[in-house]
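> Fold the following and give me the result.
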Amino acid sequence: MTTAKANLGKALFFDEQLSSTRTVACATCHQAEHGGGDQRAAVGTAGSTNPGLDGLFGTDDDIAASPGVPLNLADGTYDWSASFGLQSQVTPRKSPSSINAAYFPLLFWDGRATSTFRDPLTNAVVLTNGGALESQAVGPPVSSTEMAHVGRDWNAVAAQMTNANPLALAPTIPAALETWIAGRSYPQLFTEAFGSPDVTPSRIALAIASFERTLFSNQTPFDSENGGIPSLTTQERAGRLLFTTINCGVCHGGALLTDNLFHYIGVRPTAEDQGRFTISGNPGDMGAFRTPSLRNVQLRGPYFHDGRFATLEEVVEFYNRGGDFNAPNKSPAIRPLNLNAQQKADLAAFLKRPLTDARVAAATAPFDAPALYSQSTRVPQILGTGTGGSNGLVPQAEALEPPIAGNPNFTVGVYGALGGATATLVIDSTQPGTGPEIPAAASLARTTVQLSGVGAGNGFASVSLAIPAGPGAVGTELFGRWFIADPGAEGGVAVTAAFHFTIFGPAGTATDVALTPGSPLAIARLHANTPNPFNPETTIRYDLRDASPVQLGIYDAAGHRVRQLVTAALQPSGSYDARWNGRNDAGATVASGVYLYRLQAGSYTETRRAVLLK
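Reported below is the predicted structural model:
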């Protein structure tokens, strides 16, 4: 364990560029404020539902789990998934918690990630013991459901990260991590962490695991109470006593509140998911899953490997009735408890606040996090409605990949259209109309393809485009639609709703503010400073929609002001340039490092980063 290795792992853990579509990071499914689990998993929500063993949605074996990537190919285009179409696939099990995972000898619900870590390319043993985190980390980036295109291997993953700008997609980065990165490339970061610039699969796993080992949660009211500081309410103490009396601690005992073993407890029939049996081959493990820790459990709903229950109250009811299904290997600890309403309420109360670390809930250090592109306004947005085609069906556009300047594979799809029809994708600086006329030209793309599929509503296709590179592209607003030749549509053309996006630059250079007339948020726009990194001077450009009071200042990573560049009681609307020569207000040259520049224009405030390298 070194600080550099853990910092590198933190950058990789939150970097969506680790996935083939640049839309999924480790942190996408493991979020601190949700107990290290995935807040997107929600019972009964279409976008986070896996149809289970029967392949049918809306049946009892549905699973609430984590959306990953669309079924995608090496050229960036999407293939059709029988269950999910062109939309993001959903994993067959809910994400376990990443917090305190360093203490578990086996990882994943079925324990297939063992303590012996082997290089994913050579199969050579890298760690003989204690490497479960590393063994787990090498799975998702090559899973075509979670993060990978079909056929992706670790050579491709390592090559992509070698050429990636660290956390380029992140709207914001914690100051300490941003200061450490300091505008360096991944090979430079790997040099500090490992002694040479090679970005290898095993090093990626070692770094991510090192970061995860910093995620231990030991500051809960439960811990304070155990330390002799009264910290529980009367009801919570009653729930703790009941927890012990009815033997919950048999499986959820010790400091981690887990025995780290595998049990079948009757959540679902064993045939639906064989669990640990698929690894061990032991009939006693049929349908058995690893006992999760109860630390921060209040934050981690929905619950169990299939996300079946939305609340802890439902979980308590499940245990109170002795589970829902039986099998020869069902744990004898799962039996009717015959608790009354007060006892159930007490037990649920103990599982909530007493076991929750406030740092986890608030996502404060060491659980602080870069913001994810996929949870920002940078994701293309669907606008309005389209024009229906055969059988009145309106085709749907799929646009979720990052429109970052220079992205060579920005993929846009269409589905729900007439199979076999001709479809034209138009992406322009102005919103294309709803047909039947198809624009003859467009500023970014006008591409025609033939849809796969047969019949009304079964047509689909995708196109992979390149986003223009260079700082001049940043801030460009674009609108897109698909136009489908369909005799069943009015005027013979069915049209999707429009999608809208703004090209953004690498971390610290993007803008999420559109200067659309009449928008209450469109007061100003702060652009990337150029050059960045810089020495000795950089230019900061900003736009004002309306006349506004303006303050533009430079701050160090700790938030202390270094230089005031602009102070204006009222500055007219227009575009402005400000130059910073790396000096403070006193005229002294400042040290190399990461600095923040903040524009305040009326009620608008935005902060970006500038890196001074000497």
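> C-alpha only now, for contacts and for neighbours.
Will do.
> which stretches of the chain form helices?
Here the chain has its helices, by DSSP state H, at 3-13, 26-29, 132-137, 154-162, 175-181, 186-194, 201-212, 221-226, 234-245, 277-280, 312-320, 341-351, 358-362.
> Out of these, which is the most enclosed?
Most buried of the helices of the chain by mean neighbour count (mean count of other Cα atoms under 10 Å) is helix 132-137; its value is a mean of 25.
> Which strands or helices does it pack on?
strand 117-118, helix 201-212 (3 or more Cα pairs under 8 Å, 6 or more residues apart in numbering; DSSP states H and E).
> and those as TSV, adding mean pLDDT and distance to residue 589?
Listed next are the helices and strands packed on helix 132-137 as TSV, based on pLDDT from 0 to 100; distance: least, Cα to Cα, whole Å:
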stretch	mean pLDDT	distance to residue 589
strand 117-118	98	48
helix 201-212	98	35
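> okay, the closest residue to residue 264 other than its chain neighbours: pLDDT?
Spatial nearest neighbour of residue 264, excluding adjacent residues (Cα to Cα, 6 or more residues apart in numbering): residue 288 at 4.0 Å. At residue 288, the model reports a pLDDT of 98.
> Wait, residue 288 touches residue 279, no?
No. Using Cα atoms under 8 Å, residue 288 and residue 279 do not qualify as a contacting pair, with a distance of 10.7 Å.
> list residues touching both of these two?
Common neighbours of residue 288 and residue 279, counting by Cα atoms under 8 Å, 6 or more residues apart in numbering, are residue 110.
> residues in contact with the residue positioned nearest the centre of the chain?
Nearest residue to the geometric centre of the chain (Cα atoms, centre = their mean): residue 28, 2.2 Å. Neighbouring residues of residue 28 by Cα under 8 Å, 6+ apart: 14, 38, 372.
> Try it again at 10 Å.
Shown in contact with residue 28 (Cα atoms under 10 Å, 6 or more residues apart in numbering): 13-16, 37-40, 66-68, 372-375.
> my read: residue 576 touches residue 540, true?
Yes. Using Cα atoms under 10 Å, residue 576 and residue 540 qualify as a contacting pair, with a distance of 8.3 Å.
> one step back: can you pull up the bridge partners for the residue nearest to residue 264?
residue 275 (DSSP bridges).
> Next one: it from residue 330, what distance?
For residue 288, the distance to residue 330 equals 9 Å [Cα to Cα, to the nearest Å].
> Which neighbours do these two have in common?
Shared contacts of residue 288 and residue 330 (Cα under 10 Å, 6+ apart): 263-266, 270.
> could the residues you listed go into TSV alongside pLDDT, neighbour count and distance to residue 362?
TSV is the format used below for the shared contacts of residue 288 and residue 330 (pLDDT from 0 to 100; neighbours: other Cα atoms under 10 Å; distance: Cα to Cα, whole Å):
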residue	pLDDT	neighbour count	distance to residue 362
263	98	22	32
264	98	29	34
265	98	25	32
266	98	21	34
270	97	21	37
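> As CSV, the residues you listed with distance to residue 361 would be great.
Converted to CSV, these look like this (distance: Cα to Cα, whole Å):
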residue, distance to residue 361
263, 29
264, 30
265, 29
266, 30
270, 34
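> The residues you listed in strands, which ones?
Counting by DSSP state E, the part of the shared contacts of residue 288 and residue 330 found in strands is residue 263.
> Going by distance to residue 531, which of the shared contacts of residue 288 and residue 330 wins?
For those, the residue nearest residue 531 by Cα to Cα is residue 263; the value is 57.7 Å.
> hmm, back to that, who has more neighbours, residue 288 and residue 330?
A count of neighbours by other Cα atoms under 10 Å puts residue 288 above the other of residue 288 and residue 330, at 27 against 21.
> which residues of the chain score low on pLDDT?
508-523, 557-558, 603 (pLDDT under 70).
> Reformat the helices of the chain as JSON lines; add distance to residue 550.
Formatted as JSON lines, the helices of the chain follow (distance: least, Cα to Cα, whole Å):
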{"stretch": "helix 3-13", "distance to residue 550": "34"}
{"stretch": "helix 26-29", "distance to residue 550": "37"}
{"stretch": "helix 132-137", "distance to residue 550": "47"}
{"stretch": "helix 154-162", "distance to residue 550": "39"}
{"stretch": "helix 175-181", "distance to residue 550": "24"}
{"stretch": "helix 186-194", "distance to residue 550": "36"}
{"stretch": "helix 201-212", "distance to residue 550": "40"}
{"stretch": "helix 221-226", "distance to residue 550": "46"}
{"stretch": "helix 234-245", "distance to residue 550": "52"}
{"stretch": "helix 277-280", "distance to residue 550": "63"}
{"stretch": "helix 312-320", "distance to residue 550": "50"}
{"stretch": "helix 341-351", "distance to residue 550": "50"}
{"stretch": "helix 358-362", "distance to residue 550": "32"}
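> which one of those helices lies closest to residue 429?
It's helix 154-162; of the helices of the chain, that one is closest to residue 429 (Cα to Cα) at 30.0 Å.
> Just give me how far the closest one sits from the chain centre.
From the chain centre to the centre of helix 154-162 is a distance of 19 Å (Cα atoms, centre = their mean, to the nearest Å).
> Over to stretch 124-131?
Distance, centroid of stretch 124-131 to centroid of chain: 28 Å (Cα atoms, centre = their mean).
> Residue 422 contacts residue 492, correct?
No. Between residue 422 and residue 492 there is no contact under Cα under 10 Å: 11.4 Å.
> what do those two both touch?
With Cα under 10 Å, 6+ apart, residue 422 and residue 492 have common neighbours 483-486.
> ok, back up a step: out of the contacts of residue 28, the closest to residue 473 would be?
Distances from residue 473 to these, taken by Cα to Cα, are shortest for residue 373, at 18.3 Å.
> Show the contacting residues for that closest one.
Taking Cα under 10 Å, 6+ apart, we find residue 373 in contact with 14-16, 22-25, 28, 167-172, 379, 401-402.
> Could you do residue 271 as well?
Neighbours of residue 271 in contact, by Cα under 10 Å, 6+ apart: 53, 286-287.
> mind checking how far residue 282 is from residue 290?
The value you get for residue 282 to residue 290, if Cα to Cα is used, is 15 Å.
> Quick check on the two: which one has the bigger neighbour count.
residue 290 (23 against 10).
> my read: that one touches residue 264, true?
Yes. Residue 290 is in contact with residue 264 according to Cα under 10 Å; the separation is 9.1 Å.
> Mind listing the shared neighbours of these two?
Contacts common to residue 290 and residue 264, judged by Cα under 10 Å, 6+ apart, are 275-276.
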